[in-house]
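Participant: Whatever this is, show me its structure:
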Amino acid sequence: MSTEANGTAPAAGTNGHASEEQVQIIIVGAGFAGLACAIESKLKGHHVIVLEKFPELKVLGDIISFGANAGRIFMRWGLHDKFWPVCTHLRQFHLHTWKGDLIDNTVLKPRADGIYHYNGHRGELHKILIEHAIEMGIDLRFGQQVTEYWETDDAAGVVVNGERLTADVVVGADGVRSKAREKVLGYFDKPRPSGYAIYRAWFTAAGSGIEEDPLANYLVKDGDAFYGWIGKDVHFLCSSSKDGKEVSWVITHKDEADIEESWQFPGKMEDVLKIVEDWDPRCAAILSKAPSCVDWKLVYRDPLPTWLSRKARIALIGDAAHPFLPTSAQGASQAIEDAVTIAVNLKLAGKKDAQLALRAFETMRYKRVRDVQVTGEVNRDKWHNADEEAVKKDPDSVKIFNEEWIMEHDAERWAFEHYPEVAERIKQDGYKLPELEDGDKAKERVVQAREEYLARAM
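Facilitator: Residues are numbered from 1 along each chain as shown. I've put the predicted structure just below:
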């Protein structure tokens with residue numbers, strides 16, 4: 001790889017302690033995690049190559065959400081004016097029981113600190129990010145099939161399209177079907193069913209019939225709107241965007257079927273409508289307007305014992321390291337935090353201590369990621385097991401909060417402030433694998449933290 005440094009100056013906060021050595025990084029995967037790592041690494045002066053297996057960009061997918069913890073990073077990159085026009089601009093969240101009884105109207109206020117959340121079409125936001133990376137001069141290569149990962153004490157690399165590439169570190173941002181994860185674990189970890197699946201759709205309101213249907217047109221006739229219904233083992237969320245011109249919905253339901261590694265299929269609308277046949281008729285009215293939908297099996301992987309290869313020159317980030325449930329609304333945001341943390345650590349460590357930088361990355365991120373993952377499980381269980389009478393008496397019991405310990409986190413600043421102490425501790429005490437906390441205990445701790453938060457907010 002070239003050693004020419006053509007990135008922008010590192011962000012404020014380096015306070016003179018950053019290494020001026022350029023670290024050479026290969027990033028596998030040009031999803032949100034990989035692109036974020038490339039952009040932040042370029043800004044920190046590293047040399048980056050991004051390898052993407054797909055031959056070209058396609059605007060695919062449906063809704064994706066980024067919390068304020070990712071939003072502040074996008075804003076620093078100057079992307080707000082590009083992201084905001086294509087995002088959903090919500091004012092309230094209307095939550096109902098499955099019968100249609102209103103539980104709560106939650107007003108969605110702008111944050112006092114001026115940091116934005118971004119919710120929009122996955123493909124559109126991804127396209128903006130790719131174009132931004134290309135404008136920065138990042139070496140982004142499509143049609144690159146990685147067949148092998150390798151590392152030595154002094155370097156790491158991949159074999160791609162028959163060519164052997166070498167760098168200081170390799171970042172595996174290749175998603176839930178990660179080949180890099182096989183290198184880290186030493187085996188292929190087959191996903192297992194989570195017990196749930198999601199039907200999901202995104203479509204244009206015009207011509208769908210939604211504008212003419214009084215059971216559904218409130219979703220599109222007065223700007224963007226956000227509605228939800230919850231029942232036993234099911235929840236249904238729908239929203240509009242671009243001033244009511246486009247509609248998306250997701251309905252999460254029980255599904256115990258075993259799955260193969262490719263778990264996303266075309267859905268059958270008759271199966272979708274059967275789930276809500278006894279529900280508030282507004283649900284079927286909205287669901288039936290979609291011309292098609294996707295059946296997405298929610299699979300589960302046990303938390304990995306480590307995100308690093310044996311010699312600590314290959315690191316996993318994003319879904320390759322820690323898949324999230326949609327009910328956390330944090331999977332993509334945590335991937336952005338991963339990416340920024342690696343870029344900062346390598347800036348502070350330099351080429352000589354690249355392995356230490358990755359070990360510190362894992363130490364700094366592991367527990368936070370696990371805690372945020374657990375919030376997704378807690379949120380899902382709260383909705384799916386809600387007692388109707390109890391909810392009527394206490395609507396707050398099923399509210400989904402944007403918890404400040406998640407949203408206020410500034411991954412860049414936190415890495416600059418904490419890397420030196422973490423790195424020194426690793427040097428002094430030795431590198432230790434993360435501790436895998438018992439899932440039930442983690443959930444109890446997160447529930448307790450939520451109760452304490454609510455008590456303070458009252």
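
Participant: wait, what's in contact with the closest residue to Arg122 other than its chain neighbours?
Facilitator: Counting by Cβ to Cβ, 6 or more residues apart in numbering, the nearest residue to Arg122 once its immediate chain neighbours are dropped is Gly61, at 3.3 Å. No exception for glycine: its C-beta is placed from N, CA and C like everyone else's. Contacts for Gly61 (Cβ atoms under 8 Å, 6 or more residues apart in numbering) come out as 121-123, 126, 202.

Participant: What helices and strands are in contact with the longest helix seen in the chain?
Facilitator: Ordering each helix of the chain by length in residues (DSSP state H) puts helix 354-384 first. Packed against helix 354-384, as judged by 3 or more Cβ pairs under 8 Å, 6 or more residues apart in numbering; DSSP states H and E, are the following elements: strand 169-172, strand 226-231, strand 234-241, strand 314-316, helix 331-349, helix 411-429, helix 439-457.

Participant: Report the contact partners of the residue nearest to the spatial centre of the chain.
Facilitator: Closest residue to the average C-alpha location of the chain: Ala332 at 1.5 Å, with Cα atoms, centre = their mean. By Cβ under 8 Å, 6+ apart, the contact list for Ala332 reads 32, 64-66, 70, 318.

Participant: try 10 Å
Facilitator: 31-33, 36, 64-67, 70, 118, 122, 125, 318-319, 324 (Cβ atoms under 10 Å, 6 or more residues apart in numbering).

Participant: same check, this time on Ala167
Facilitator: 1, 23-27, 46-49, 151, 155-158, 313, 354 are the contacts of Ala167 under Cβ under 10 Å, 6+ apart.

Participant: if we go to 7 Å?
Facilitator: 1, 24-26, 155-157 (Cβ atoms under 7 Å, 6 or more residues apart in numbering).

Participant: quick one: the helices in the protein?
Facilitator: 32-43, 68-76, 80-83, 122-135, 180-185, 269-275, 281-287, 331-349, 354-384, 388-393, 404-407, 411-429, 439-457.

Participant: Of these, which is nearest Gly100?
Facilitator: helix 281-287 (6.8 Å; Cβ to Cβ).

Participant: Show residues contacting the closest one.
Facilitator: 100, 213, 215-216, 219, 229, 236, 238, 249, 272-273, 276.

Participant: related to what we said a few turns ago, what about the residue lying closest to the residue nearest to the centre of the chain once chain neighbours are set aside, how many residues close to it?
Facilitator: Leaving aside its sequence neighbours, Ala332 sits nearest to Phe32 (Cβ to Cβ, 6+ apart; 5.2 Å). Phe32: 25 surrounding residues under other Cβ atoms under 10 Å.

Participant: got a list of what Phe32 touches?
Facilitator: So Phe32 contacts 126, 129, 332, 335-336 (Cβ under 7 Å, 6+ apart).

Participant: how does it look with 8 Å?
Facilitator: 64, 126, 129, 318, 332, 335-336.

Participant: Let me have those residues in JSON lines, adding distance to Asp168 and pLDDT as columns.
Facilitator: JSON lines is the format used below for the contacts of Phe32 (distance: Cβ to Cβ, whole Å; pLDDT from 0 to 100):
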{"residue": "Ile64", "distance to Asp168": "31", "pLDDT": "90"}
{"residue": "His126", "distance to Asp168": "27", "pLDDT": "96"}
{"residue": "Leu129", "distance to Asp168": "24", "pLDDT": "97"}
{"residue": "Gly318", "distance to Asp168": "20", "pLDDT": "92"}
{"residue": "Ala332", "distance to Asp168": "27", "pLDDT": "91"}
{"residue": "Ala335", "distance to Asp168": "22", "pLDDT": "95"}
{"residue": "Ile336", "distance to Asp168": "22", "pLDDT": "97"}
